[in-house]
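1. quick one: sequence and predicted model below, then my questions.
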Amino acid sequence: QKELVESGGGSVQAGGSLRLSCIAHGFISDTCGVDWYRQAEGEQREWVSSITRFDTSYTGSVKGRFTISEDKAKDTVYLEMNSLKPEDTAMYFCRRREGSLCTTSYWGQGTQVTVSS
């Protein structure tokens, strides 16, 4: 069974750091890419960062503070988050894209990040 499991969330003070992990279980084929999204309470889910075999990309508000990386041997994608701000508080989700057109998506259950001022 294909499954994504996020971990690494928690509560930190502003300026702190966290590293989120997204572990893929049961996937056989290579992924088109893995994305991190976040959803603050009462807000829409927003894209944060992506990694493909060719490059990485970030939304403007996290550029320079967050770093996405992967360990293919562990089927894990990480999101290193530094200089955290209260506005980074949200549930963070990873998404894995697959299929010949990269239109099949798998989502994890999310991990909560809370940043206090």
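-> That came through fine.
2. and the spatially closest residue to Asp30 that is not a sequence neighbour, how many neighbours?
-> Excluding the flanking residues, the one nearest Asp30 by CB to CB, 6 or more residues apart in numbering is Arg53, at 7.8 Å. In this view, the C-beta of every residue, glycine as well, is placed from N, C-alpha and C. Neighbours of Arg53 under the rule other CB atoms under 10 Å: 10.
3. confirm that Arg53 lies within a strand, as I assumed.
-> No. Under DSSP: H, G, I helix; E, B strand; the rest coil, Arg53 sits outside any strand and is assigned coil.
4. quick one: it from Arg65, how far?
-> Between Arg53 and Arg65 the distance is 24 Å, computed by CB to CB, to the nearest Å.
5. for Val113, same thing?
-> 13 Å.
6. do the same with Trp47
-> Trp47 is 16 Å from Arg65, by CB to CB.
7. now do Val5
-> From Val5 across to Arg65, the span is 24 Å (CB to CB).
8. Trp36 too?
-> 13 Å.
9. what about the two, which has more around it?
-> Trp36 (26 against 15).
10. hmm, Arg96 and Ser105 touching each other?
-> Yes. The criterion here is CB atoms under 8 Å, and Ser105 meets it with Arg96 at 7.1 Å.
11. higher neighbour count, these two?
-> Neighbour totals were compared for Ser105 and Arg96, and Arg96 leads with 22 against 12 (other CB under 10 Å).
12. who is the more buried one paired with across the strands?
-> Val34, Tyr106 (DSSP bridges).
13. then Arg38?
-> Bridge pairing for Arg38 - DSSP bridges - gives Glu46, Tyr92.
14. surely it touches Ser49?
-> No. With contacts counted by CB under 8 Å, Arg38 stays clear of Ser49, the gap being 9.7 Å.
15. if I look at the residue at minimal distance from the centre of the chain, how far off is Val12?
-> The chain has Trp36 as the residue nearest its centroid, 2.9 Å off, counting by CA atoms, centre = their mean. Remark: distance between Trp36 and Val12 (CB to CB) = 17 Å.
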